[in-house]
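[1] Would you be able to build a 3D model of this:
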Amino acid sequence: MESYLNDNFGDVKAKNSSDEALQRWRSLCWLVKNPKRRFRFTANLSKRFEAEAIRRSNQEKFRVAVLVSQAALQFISGLTLSSEYTVPEEVKTAGFEICAEELASIAEGRDVKKLKIHDGVEGIANKLASSYDVGIPTSEHLLNQRKEIYGINKFNETPVRGFWVFVWEALQDMTLMILAVCAFVSLLVGITLEGWPKGAHDGLGIVASILLVVLVTAISDYKQSLQFKDLDREKKKITVQVTRDGLRQKISIYDLLPGDIVHLAIGDQVPADGLFVSGFSVLINESSLTGESEPVNVNSDNPFLLSGTKVQDGSCKMLVTTVGMRTQWGKLMETLIEGGDDETPLQVKLNGVATIIGKIGLFFSVVTFSVMMQGLISRKLHEGSYWIWSGDDMMQILESFAIAVTIVVVAVPEGLPLAVTLSLAFAMKKMMKDKALVRHLAACETMGSATSICSDKTGTLTTNHMTVVKACICGKINDVGSSKETSSIGSEIPSSALSILLQSIFTNTGGEIVKNKDEKVEILGTPTDTALLEFGLLLGGNFQSERQALNIVKVEPFNSVKKRMGVVLELPNGGFRVHSKGASEIVLAGCDKVIDSNGEIVALNETSINHLKDTIDQFASEALRTLCLAYMEIENEYSAESPIPTKGYTCIGIVGIKDPVRPGVRESVAICRAAGITVRMVTGDNINTAKAIARECGILTSKGIAIEGPEFREKSEEELLKIIPNLQVMARSLPLDKHTLVKQLRTTFEEVVAVTGDGTNDAPALHEADIGLAMGIAGTEVAKESADVIILDDNFSTIVTVAKWGRSVYINIQKFVQFQLTVNVVALIVNFSSACLTGNTPLTAVQLLWVNMIMDTLGALALATEPPNDDLMKRSPVGRKGNFISNVMWRNILGQSLYQFVIIWFLQTRGKAAFRLEGPHSDLVLNTIIFNSFVFCQVFNEISCREMEKINVFKGIIENYVFVGVLACTVLFQIIVIEFLGAFANTTPLSSEQWFVSVFLGFLGMPVAAILKMIPVD
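    This is a model prediction of the structure:
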């Protein structure tokens, strides 16, 4: 079966599956009882094609808009343009001078002419009653006015479906519809022959069973939908930095309004349509909106920013002009949401299993009906009454047909693929509490197979709370501690050197020191920037005065490729000064001078270079992140278009930043190792810092290899084959190195790889990996968009929790499949063999519907929602090549099926003698005992399925309230069916002896299961 599934349903991957593969498996699943329910959690391919068409349309539209705006820019340069625009009265009354439609046409159409007519970006800001420095006022009345005129930044979403919609969908089951027709005919014939109410019992029993199945199914599906809705809400919690009332604050992107001043940085998603106000080196990736991969330069000449695009480089301030459904992104999102998520590989495989078993069930159903009809016709021929058909004969045909249809109901395990969704939904909700937000369903199950984790260092293995603890300024190494100690360091540094140092710290930074809405001073920026800014404040510096003293001409933000940041300042007396900071050895390599202990600038010689290199190594060996600060003077004119120089700098100093290892990381790494998962650290830091942290975390062992990115890149394929299995640390790596490592592990070594990332440049590796893990706190929106799971607390221990939940999901679904296939096999063989050998079946349509509910909805609830335990992390991972339906499962399924079949067959052939049954009701009593024994076999088999290999199946059973609740409800309802619903379910009350034997025969399945687990399998 596994090879058939791999050949026909194996094209669908955990991520990035082709549309052809998604379409192919759907066409193979032709035997489906209820398509609406079966394919509910699969991608809507037609909506996806529609979204792609919108993207292509956008691409063409924006390409034309760019050409038109460029031509218009040349044409209108120097012209005085008159406006024919009239402000609507309601807009004027609200205190604004431009309407939402006019704003939308400017940004979306990149309309330079209209922008100039409205006096440029500043004119638009004034017309929106906003300003660059203050933003918009925040009084509730004014915000509500703004919302009324311009709308809110929310997209149209599919409305939440009510409970009755799920009831209606559950009723779409073809087999249930056929049974409903049978029930109706049965009612008519029964009442005609036997009168009311006796003649209605069979028909009403089927109707009641159908309604019960529908109700339980609908409740389960409705609860699942609510869980997914909650998770969708969590996925959309994105905040941005804005200026309102002159104060910087974080708000939800859904609270943005036209007139807001938004602060964007590298890796951010543009949250609404808007216009560039100020910034440096801004590159925007518009591929999500247009499909165009080439980034666009955004500046004062091309100020248009579109919602949904990504900041690839640089930082800027943006004036929001258009929000919500008035943006192209809003219209595209509406279609994309309807497109849904890709189905997971397990969902597809189990659809394949359901199809195979369904075909077998359909065959058995037809044969069973044929055999029963042949028995009836033979009897009629024998009696010579084949031309005379009575109402009883009609009822017999109807019952035979109902049983045949019910065999299909039981045989087609529609619940298999849905059990995957149920288990994933349950796991995703629980993982949210454990600080992991799953963006893609497939990641949950794939994480259970992970064999390798490539983790960042900063913020994942460490706390990301950085402080400067050592500094080498003017050749002297100092410990940095309290403000008093740092002030004394400042007094020891020559004033000229201190002035340059503070200027470097406060101008060459992506961070800011601002007043928040509580009027408190707040340091914003990356942890590295905030650590340096805090150091600058402790030295007695003033951020605002340093920023206002000089004009910033150009900024090259830090990124993981250059590993440095630069800024060019225009000096008041003419000339320019460049500040550079970044990876110590890289910045130091560009220095040819240094500031000495007297504050004088001297040439670097061998002694001073060695001193600085030894300082870097000393700081790094103490697990400190090292940064070198440097500057240079430029006498000539400097153009903002020119690149910032990389050579000729004067070294100001080196700082050592402490980022402590997170508590519990060492233990988590040890758990991974015990679970057969290799943990590798991939970082941009100095190799000595990386090795020190890796040893502290327990990642780097005595036999492990630590390598630098440049060395890794130079290795041949043959050398990589030897290195990668023992590679544990990669330092000074580029995003491309991480991508190469992941690709090698996945393709050459066939490992299932999880990768963490937080930066924009990590997106390719996150996309390439089997499971991309983005950091929720430090991660950029671009990284989160490319990830499958977001680690909300940026903690490595949470990644281990995700792996544990992934294994739990995989094994829970295996348990459920084992349980359901056992019921399928036994129900099919019992009814088929009985029909062939005796001419009738021991299990009626109503009874089979009840069994179907036990194994389908209730079985999934009980087994697919089992919480994880620590033992899961003591077994080897499944890996890429593991069979889903394993030999262990086949052993348990076939062994348990054989036991149950023997029991049922014994009762059928020897039951009357064993229970001393006589009289006209003996057949009814025997069939009730068979039905009761069969149900209790499933109840105890459900308990046995909690562990596929371990004999102790009771461990932790009391803590699993869902499992206990399902078992209790099943037993309780079974008692009601036997003792009180006999007329409807074709049963009769049993004596205490008969009850005891029925339950005992079911219980015997547990020791049988225990014995089976002792049989070794490969």
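[2] Would you state the helices of the stretch 51-200 of the chain in chain order?
    89-93, 100-108, 112-117, 120-127, 140-150, 163-170, 174-194 (DSSP state H, counting those that start in this stretch).
[3] Pull out the buried positions in the second one.
    For helix 100-108, a neighbour-count test (16 or more other C-beta atoms under 10 Å) marks 100, 102, 103, 104, 106, 107, 108 as buried. Placement of C-beta: from N, CA and C, glycine included.
[4] quick one on the thing from earlier: quick one: which of the helices of the stretch 51-200 of the chain is nearest residue 505?
    Ranking the helices of the stretch 51-200 of the chain by proximity to residue 505 (C-beta to C-beta) places helix 120-127 first, at 31.0 Å.
[5] quick check: mean pLDDT across the closest one?
    The average pLDDT within helix 120-127 is 91.
[6] Mind giving me the packing neighbours of that helix?
    The contact analysis (3 or more C-beta pairs under 8 Å, 6 or more residues apart in numbering; DSSP states H and E) places helix 120-127 against strand 273-285, strand 310-322.
[7] give me the low-pLDDT residue ranges for the stretch 251-400 of the chain?
    290-293, 332-343, 385-387, 389 (pLDDT under 70).
[8] so which of the helices of the stretch 51-200 of the chain comes closest to residue 304?
    Once these are compared by C-beta to C-beta, helix 100-108 is nearest, at 5.5 Å.
[9] now the angle between helix 120-127 and the closest one, please.
    160 degrees (axes from the mean of the first three to the mean of the last three C-alpha atoms, to 10 degrees).
[10] related to what we said a few turns ago, possible to save the helices of the stretch 51-200 of the chain as TSV with distance to residue 432?
    Listed next are the helices of the stretch 51-200 of the chain as TSV, based on distance: least, C-beta to C-beta, whole Å:
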stretch	distance to residue 432
helix 89-93	42
helix 100-108	36
helix 112-117	44
helix 120-127	40
helix 140-150	30
helix 163-170	23
helix 174-194	35
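[11] export the helices and strands packed on helix 120-127 to CSV and tack on distance to residue 980 and mean neighbour count?
    Listed next are those as CSV, based on distance: least, C-beta to C-beta, whole Å; neighbours: other C-beta atoms under 10 Å:
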stretch, distance to residue 980, mean neighbour count
strand 273-285, 66, 21
strand 310-322, 64, 24
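[12] Let's have those strands in TSV, adding distance to residue 49.
    TSV is the format used below for these (distance: least, C-beta to C-beta, whole Å):
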stretch	distance to residue 49
strand 273-285	23
strand 310-322	24
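[13] and residue 300, which of those strands is closest to it?
    strand 273-285 (6.6 Å).
[14] Following the chain past the closest one, name the next helix or strand.
    Following strand 273-285 in sequence order, the next helix or strand is helix 287-290 (DSSP states H and E).
[15] Mind giving me the packing neighbours of that following helix?
    Helix 287-290 sits against helix 45-76, helix 328-339, with contacts defined as 3+ C-beta pairs under 8 Å, 6+ apart.
[16] List the contacts of the helix or strand just after it.
    Next helix or strand after helix 287-290 toward the C-terminus (DSSP H and E): strand 296-297. Contacts to strand 296-297, defined as C-beta atoms under 8 Å, 6 or more residues apart in numbering, come from residues 282, 283, 284, 285, 286, 302.
[17] Cheers, nothing more for now.
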